[in-house]
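Participant: Provide a 3D model corresponding to the input given below.
(chains A and B)
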Amino acid sequence: MNIDIIGLLTVFVLSVFVGYEVISKVPSTLHTPLMSGTNAVHGIIIIGSIDILSSSHGPVQIALGVIAVFLATLNVVGGFVVTDRMLEMFSVKKPSVKSVEKTEESPKQ
Amino acid sequence: MIATEISIETAIRIAYLLAAICFILALRGLSSPKSARSGNLIGAGGMLIAVGMTFSHGIHNLVYIIPAIIVGIVVGVPAARFVKMTAMPQMVAVFNGVGGGAAAVVSYSEFIHSSDVHSFAIYQIVEVLLGVIVGCVSFSGSVIAFAKLQELMTGRPVTYPFQQLINGIVALGILALAFAVIFSPHTSFLLVIGILALLFGIAFVLPIGGADVPVLISLLNSFTGLAVAASGFALNNTLLVVAGTLVGASGTLLTQMMSKAMGRSLPNILFSAFGSVTATSEGASAEARPVRSSTPEDLAVLLAYARKVVIVPGYGLAVAQAQHTIRELSDELKKRGVEVFFAIHPVAGRMPGHMNVLLAEANVPYDELKEMDEANPEFSTTDVALVVGANDVVNPAAHDSPGSPIYGMPILHVDDANAIIFLKRSMRPGFAGIENELLYNPKTTLLFGDAKDSLTKLVSAVKAQ
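Facilitator: Reported below is the predicted structural model:
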C-alpha cells in the first residue's frame, strides 16, 4: 500500500511539471479553446465512475454510481464536442496568426 | 489462469499509459493554432482508449452503466452541438461543473463502499476528503458561474454583510469536520462536509462579478482537475492522477495568463468584489451629462469617406448575433477602398479568444483580426473607430483613473482615432459596471439601438452613398 502511494505521488509531481511546461506559450486567441480542451480531459473521471458503479451494491451505491457515470459522460462528450466546434471556426481559415500572403476570400457560408 | 490475469492487468496499464500520452499531446496541440484541432482529436482518442480498456476487465452492473452513458451522450452531444457560439462560456462552466460533481461522488462512493472505513489509513481518508471537498466546490461554483453568464441571476458581484466572516466560518467548519473524519471515520460527517463544500462553492463565486467570471471558470476547471487527481489517489488509478494533475497544473497556468491579459492579479479578482464600489458612486451622475447621438445616414457618410476604419467588437455584438452583419459592413467599406480591420481585445466577448471564434464563424478573414498590441499603434492614423457593443475594453479609466476597478487593465486606445462611433443599446455601463468617459468625448458620436439593427441600417446607408 505504501509503495502505491509513493508511486502515485511520483506520478503526481511529474505531471505537475509536465502540465506547466506543455502549455507554456499560448496565444490569447487560444485561451478559450484550451480551457475547454483541458475541461474535456478531466472527463477521464468517467473511468473512475465506471469502476465505482461496477463495484456498487444496493440502491444507494448504485444510484450514486449512476449519477457519477452520467455526469462524467456529460463532461467527456460535452468537453470534446464544444472544443471541436470552437476550433472548427479556426481551421476554415488560414490557421496561422500572421499569414503573410493575403488569404483568398473564403467561400460564403 | 494467473498468467492471463496478469496480462490483462498489464494491457490495461499500457493502455492507460497510451491515454496519458494522448492527453499530454492534446494539451500541447491545443497551445498552437496549427495543431489545435488535431490536438483535441488526439485527446478524444486517448479518452476512447481509456474507456474501452476499462470495459475489458470483469465489469459488473453493466445494466446501469450502459444506460447512464447513453443518457449522458444523448443529453450532452446535442447540448454541445447546438448551443449558440455566444453561450459557449457558460457551456464550458456546465461541463466543468459536472466533472467536479462526478469526482466528488466517486470519492464519496469509494468511502462508503468500504465495509470497514476504520481500516482506512490517514492518507486514504485525506485523498477522499480532497476529492469530495474540491469536487463539490467546483460543482456548485460552476453552477453559479453558469447562472451569472446565462443571466439567470445578476452578473454583478453579490455582496452581503459579514461575507468574508461567513465564508471563513464555513471554511473552518469544513476543516474541523475533516479532522473529525480523519480521527473517527463516519459517512455522515463526510456527507455534511460535502454539503458545506457545496455552500462554500456558492459563497466563493457570488462576490465575483462581470468580466471576471471567465477567469473564475478557468480556475474552477483546474479545481476539477485536482479533484479528479484526488479521486485517482483514492482509487489507486494512475491515469486519473496523471490526467487530473495535468489539467490542474495547466489550468492554473492558464488562469494566470488570463488574469494577466486583463491586467489584474488573481487574488484581486477573487477577493475584491469587483466594480461594486464605483458603480454605486458614479451611477447617479451618469444620466445628466450630454452625449452626441446621430443617425445611421450621417454616420454612413463618415465611414464611407474614411481612409481607415478600425472596428472594435465586443460582447454586445455577439449578443445581437451581428457578426455576419458587421462583416457585410466591412466588405461594403472595403469595396469602396476603405482600409478596414478588426481590433480584438484579449478579453473581448466574455472569454479570451471568444471574439476571434465568433468572427471566424462569420467568415471574417483571419488576417483582418489584429490583436491589441498590433492594433494600438494604428489608432493614431485611424479616421474612424467603430465600437460595436464593447465598453470596458476601450474605457480610458483603465489608464487615467487610479481609483477605478479596471485601473491597469490594458485597453484599446480608441481615443487616439480622429472620430469615434459607438453603437450602444443604451447609456447603461458595461459588464464591469463602470462609467465610460469616452462616451462624453467630443470626438464621439453615439448610435443607439440593437447592434444588429444599427449595423443593418449602416450597411444599407453605406450602399446608398
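
Participant: Can you get me a residue count around the closest residue to chain A within the stretch 1-150 of chain B?
Facilitator: Chain A sits closest to B:G72 of the stretch 1-150 of chain B, with a gap of 2.6 Å, by Cβ to the nearest Cβ. For the C-beta atoms, the positions are set from N, CA and C on the backbone; glycine is no exception. Neighbourhood size, B:G72 [other Cβ atoms under 10 Å in any protein chain shown]: 23.

Participant: Quick one: residues contacting it.
Facilitator: Applying Cβ atoms under 8 Å, 6 or more residues apart in numbering or on different chains, we find B:G72 in contact with A:V69, A:F70, A:L71, A:A72, A:T73, A:L74, A:V76, A:V77.

Participant: change it to 7 Å
Facilitator: When contacts are counted by Cβ atoms under 7 Å, 6 or more residues apart in numbering or on different chains, B:G72 touches A:F70, A:T73, A:L74, A:V77.

Participant: now chain A, which segments are flagged as low pLDDT?
Facilitator: A:1-3, A:90-109 (pLDDT under 70).

Participant: typed the wrong thing, it's chain B
Facilitator: B:1-6, B:210, B:263, B:272-289, B:428-433.

Participant: Geometric centre of it: which residue is closest?
Facilitator: B:P214 (3.0 Å; Cα atoms, centre = their mean).

Participant: Quick check: which element contains the nearest residue to B:V228 once chain neighbours are set aside?
Facilitator: Spatial nearest neighbour of B:V228, chain neighbours left out: B:G244 (3.3 Å); criterion: Cβ to Cβ, 6 or more residues apart in numbering or on different chains. In this structure, B:G244 sits in helix B:238-261 according to DSSP states H and E.

Participant: Flag every buried residue along that helix.
Facilitator: Residues of helix B:238-261 classed as buried by neighbour count (16 or more other Cβ atoms under 10 Å in any protein chain shown): B:238-255, B:257-259, B:261.

Participant: Next: stretch A:47-61.
Facilitator: For stretch A:47-61, by 16+ other Cβ under 10 Å, it's A:I47, A:G48, A:S49, A:I50, A:D51, A:I52, A:L53, A:S54, A:S56, A:Q61.

Participant: ok now do B:A103, which residues does it touch?
Facilitator: Counted by Cβ under 7 Å, 6+ apart, B:A103 has contacts A:I45, B:G131, B:G135, B:T224, B:A227, B:V228, B:S231.

Participant: could you measure the fourth one against B:E328, distance?
Facilitator: Relative to B:E328, B:T224 is positioned 41 Å away (criterion: Cβ to Cβ, to the nearest Å).

Participant: Looking only at neighbour counts, state which of the two leads.
Facilitator: A direct count of neighbours by other Cβ under 10 Å for B:T224 and B:E328 places B:T224 higher, at 36 against 18.

Participant: and the nearest residue to B:L239 once chain neighbours are set aside, what element?
Facilitator: Nearest non-adjacent residue to B:L239, counting by Cβ to Cβ, 6+ apart: B:Y16, 4.0 Å away. According to DSSP H and E, B:Y16 maps onto helix B:2-30.

Participant: Distance check, the spatially closest residue to B:N237 that is not a sequence neighbour against B:V83.
Facilitator: Take B:N237 and drop its neighbours on the chain: the residue closest to it by Cβ to Cβ, 6+ apart is A:G48, 6.1 Å away. According to Cβ to Cβ, A:G48 and B:V83 sit 27 Å apart.

Participant: right, and the helix or strand after the helix or strand where B:F139 lies?
Facilitator: Taking DSSP H and E as the definition, one finds B:F139 inside helix B:122-149. Downstream of helix B:122-149, the first helix or strand assigned by DSSP H and E is helix B:163-183.

Participant: Return the set of buried residues in that next one.
Facilitator: Result for helix B:163-183 [16+ other Cβ under 10 Å]: buried residues B:N167, B:V170, B:G173, B:I174, B:L177, B:A178, B:V181.

Participant: so how far is the first residue of stretch B:361-370 from its last?
Facilitator: This stretch, stretch B:361-370, spans 16 Å end to end (Cα to Cα, to the nearest Å).

Participant: buried residues in that stretch?
Facilitator: Neighbour-count burial for stretch B:361-370 [16+ other Cβ under 10 Å]: B:E361, B:A362, B:N363, B:V364, B:P365, B:Y366, B:D367, B:L369, B:K370.

Participant: among those residues, which are in helices?
Facilitator: Those of the buried residues of stretch B:361-370 mapping onto helices are B:E361, per DSSP state H.

Participant: Now the two most distant members of the buried residues of stretch B:361-370.
Facilitator: Greatest spatial distance among the buried residues of stretch B:361-370 (Cβ to Cβ): B:E361 and B:K370, at 18.2 Å.

Participant: that older thread, what's the closest of the contacts of B:G72 to chain B?
Facilitator: A:T73 (2.6 Å).

Participant: Look at the closest one and tell me its secondary structure.
Facilitator: Here A:T73 takes the helix state, with states given by DSSP: H, G, I helix; E, B strand; the rest coil.

Participant: residues from the stretch 251-400 of chain B in reach of chain A?
Facilitator: Within reach of chain A by Cβ under 7 Å from any Cβ of the partner chain, the stretch 251-400 of chain B has these residues: B:251, B:253-254, B:257-258, B:261, B:346, B:351-354, B:356-357, B:360-361, B:363, B:365-367, B:371.

Participant: just to revisit the earlier point, is the residue of the stretch 1-150 of chain B closest to chain A located within a helix, as I assumed?
Facilitator: Yes - using three-state DSSP, the assignment for B:G72 is a helix.

Participant: Check the gap between it and B:D415 for me.
Facilitator: Note on B:G72: its distance to B:D415, by Cβ to Cβ, is 50 Å.
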